[in-house]
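In: Okay, predicted coordinates and the sequence, questions at the end:
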Amino acid sequence: MIIKNTANDQSYKIYFNMNLKKYLNDLTKKYYKVALITDENVYKIYKEKINVRGLDILKIKPGEKSKSFTVKNSLDEKLLEKKFNRNSLIIGFGGGVVGDLSGYVAATILRGIDLVHIPTSLIAIVDSSIGGKTGINSKNGKNLIGSFYNPREILINSEFIRTLSSKEIRQGLSEIIKYGVIKNEEIFNILEKSNKFFMKNEKNNIDKIIKKCIKIKIDTVEKDFKENDLRSILNFGHTIGHAIEKNYLYKFSHGDCIGTGMAIESLIAHNFYKLSTKDFKRILKLLDKFELRKVSFNKDDIDNLLDSMEMDKKNKNSLITFSLPTKIGSMMKIKNKHKIEIKRNLIKKIMIKYLNEFKNKEI
Ligand SMILES: NC(=O)c1ccc[n+]([C@@H]2O[C@H](COP(=O)([O-])OP(=O)(O)OC[C@H]3O[C@@H](n4cnc5c(N)ncnc54)[C@H](O)[C@@H]3O)[C@@H](O)[C@H]2O)c1
Ligand SMILES: [Zn+2]
């Protein structure tokens with residue numbers, strides 16, 4: 001299956017479930033040189049499948065710390081030493097860390113060379129490999145240095161999910177639930193009907209859901225590449241989720257934090273706007289099924305969390321910006337904008353209400 005993105009100057013193709021070795025082999029024939037960037041975990045599991053003649057394999061240490069200037073610079077220098085030129089290709093084979101880093105290397109080396117993403121984590125499959133955001137972290141915060149840069153092609157193989165830990169699957173499921181809430185009730189329904197472990201067993205449903213998620217991300221990003229307004233719907237759960245991640249020094253994983261973020265942001269939508277009690281409860285219940293409300297925060301930390309939300313690059317003054325659901329499958333617009341600004345003291349009230357009434361309670 002090929003999806004073409006024609007909105008930006010660079011259109012790209014997405015292939016589904018192709019033979020990895022053959023795909024890599026074909027790429028090495030098309031380019032002068034090809035480098036595959038991966039992390040040590042992914043390499044260990046898939047080294048046989050990526051053992052292709054003519055492929056330079058560059059390994060990085062797994063984890064968020066590799067999204068750094070130091071690692072990026074060492075990759076740049078290695079590629080230049082190997083005489084990569086503008087007719088060369090970089091393949092990012094791994095999770096979101098590998099994808100963001102390889103994307104940024106490809107975007108900047110020799111002022112930009114071709115890039116292919118082969119995402120292997122569920123987050124990378126449904127989210128980070130699509131949309132053209134690449135980058136590294138700064139001492140001042142996550143993802144603050146980077147560039148918008150689309151790949152030439154993306155290969156989505158759902159077989160990679162089989163080797164993921166349940167924790168990593170949960171991180172991806174959090175984003176999938178987000179897609180259900182913001183745009184597609186059918187995704188939400190499938191997850192409601194499935195059992196907790198379906199990601200390991202139900203290939204047809206998995207492929208169906210993955211395609212739907214990717215379609216939502218492409219459609220949204222195509223219409224608003226630089227996040228003027230519509231793209232912000234993808235931030236549902238993230239205003240609060242990011243603040244929790246940052247405040248607890250990235251001790252909790254992203255999907256776990258946005259799980260709690262989606263729960264509280266749904267409470268905001270329910271309390272101040274039109275999200276019904278029924279839909280609010282369905283969202284909490286689904287998050288609970290996949291253990292996505294285990295991360296919490298202390299009452300004493302609420303002010304610090306609100307400070308982080310204000311300092312978030314998307315916010316200004318003492319208003320905090322959110323994207324909120326009006327019902328499952330559809331996002332709210334006020335004055336024709338998806339970005340909704342709410343006063344800090346109102347958010348504080350809701351966060352306290354959440355802790356008092358909804359945290360860890362059976363619905
Ligand atoms: N560019 C974007 O639009 C965007 C969107 C969302 C997230 N991100 C970024 O993505 C990163 C998070 O992504 P992630 O969760 O994939 O992180 P990750 O790349 O660290 O992968 C998570 C873990 O899973 C392992 N792994 C990956 N694929 C595997 C497989 N098939 N089998 C076994 N283990 C596997 C990795 O080695 C790692 O230990 C963050 O840095 C985040 O900022 C970017
Ligand atoms: Zn996210």
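Out: Arrived safely, thanks for sending. Ligands and ions are numbered 1, 2, ... in the order given.
In: So which residues on the stretch 51-200 of the chain come close to ligand 1?
Out: Within the stretch 51-200 of the chain, the positions adjacent to ligand 1 are 62-64, 67, 94-98, 100, 120-121, 123-124, 127-128, 131, 133, 142-143, 160, 163-164, 168, 171 by Cβ under 6 Å from any ligand atom. Every C-beta, even on glycine, is put in place using the N, C-alpha and C of the backbone.
In: Buried ones from those residues, can you make that a PyMOL selection?
Out: Applying 16 or more other Cβ atoms under 10 Å to those leaves a buried subset, and the PyMOL line that selects it is:
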select buried, resi 62+67+94+95+96+97+98+100+120+121+123+124+127+128+131+133+142+160+164+168+171
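In: In helices, which of the residues of the stretch 51-200 of the chain next to ligand 1 fall?
Out: Among these, DSSP state H puts 96, 97, 98, 100, 123, 168, 171 in helices.
In: Grab the nearest non-local neighbour of the last one.
Out: Among residues not flanking residue 171 along the chain, residue 255 sits closest, at 3.2 Å (Cβ to Cβ, 6 or more residues apart in numbering).
In: just checking, what packs against whatever helix or strand that neighbour lives in?
Out: Assigned by DSSP states H and E, residue 255 falls within helix 254-272. The helices and strands touching helix 254-272, judged by 3 or more Cβ pairs under 8 Å, 6 or more residues apart in numbering; DSSP states H and E, are helix 166-182, helix 238-247, helix 277-289, strand 325-327, helix 344-353.
In: can you pull the buried residues of it?
Out: Within helix 254-272, the residues that count as buried by 16+ other Cβ under 10 Å are 254-270.
In: list the buried ones in the worst-scoring helix or strand of the chain on mean pLDDT?
Out: Ranking every helix and strand in the chain by mean pLDDT, DSSP states H and E puts helix 198-201 at the bottom, with a mean of 79. By 16+ other Cβ under 10 Å, the buried positions in helix 198-201 come out as 198, 199.
In: distance between it and the chain's centre?
Out: Between the centre of helix 198-201 and the centre of its chain there are 20 Å (Cα atoms, centre = their mean, to the nearest Å).
In: and whatever helix or strand comes next after that helix, average pLDDT?
Out: As assigned by DSSP H and E, the chain's next helix or strand after helix 198-201 is helix 203-223. Averaging pLDDT along helix 203-223 yields 91.
In: do you know how far residue 76 is from residue 139?
Out: According to Cβ to Cβ, to the nearest Å, residue 76 and residue 139 sit 20 Å apart.
In: What residue in the stretch 251-363 of the chain comes nearest to ligand 1?
Out: Distance from ligand 1 to each residue of the stretch 251-363 of the chain (Cβ to the nearest ligand atom) is smallest for residue 254, at 5.9 Å.
In: pLDDT wise, what is that residue at?
Out: pLDDT, residue 254: 95.
In: what do you get for the one 10 residues further on?
Out: Note on residue 264: pLDDT of 98.
In: Let me know whether it touches residue 351 as I believe.
Out: Yes: using Cβ atoms under 8 Å, residue 264 is in contact with residue 351, at 6.3 Å.
In: quick revisit: give me the packing partners of the least confident helix or strand of the chain, helices and strands only.
Out: Looks like helix 198-201 contacts helix 166-182, helix 203-223 (3+ Cβ pairs under 8 Å, 6+ apart).
In: Comparing the ones you listed, which comes out most buried?
Out: By mean neighbour count, with neighbours taken as mean count of other Cβ atoms under 10 Å, helix 166-182 ranks first of the helices and strands packed on helix 198-201 at a mean of 23.
In: Reformat the helices and strands packed on helix 254-272 into TSV and put mean pLDDT next to each item.
Out: Output for those, formatted as TSV (pLDDT from 0 to 100):
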stretch	mean pLDDT
helix 166-182	97
helix 238-247	95
helix 277-289	97
strand 325-327	98
helix 344-353	96
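In: Indicate which one of these is closest to residue 32.
Out: Of all those, helix 166-182 sits nearest to residue 32, with 34.8 Å by Cβ to Cβ.
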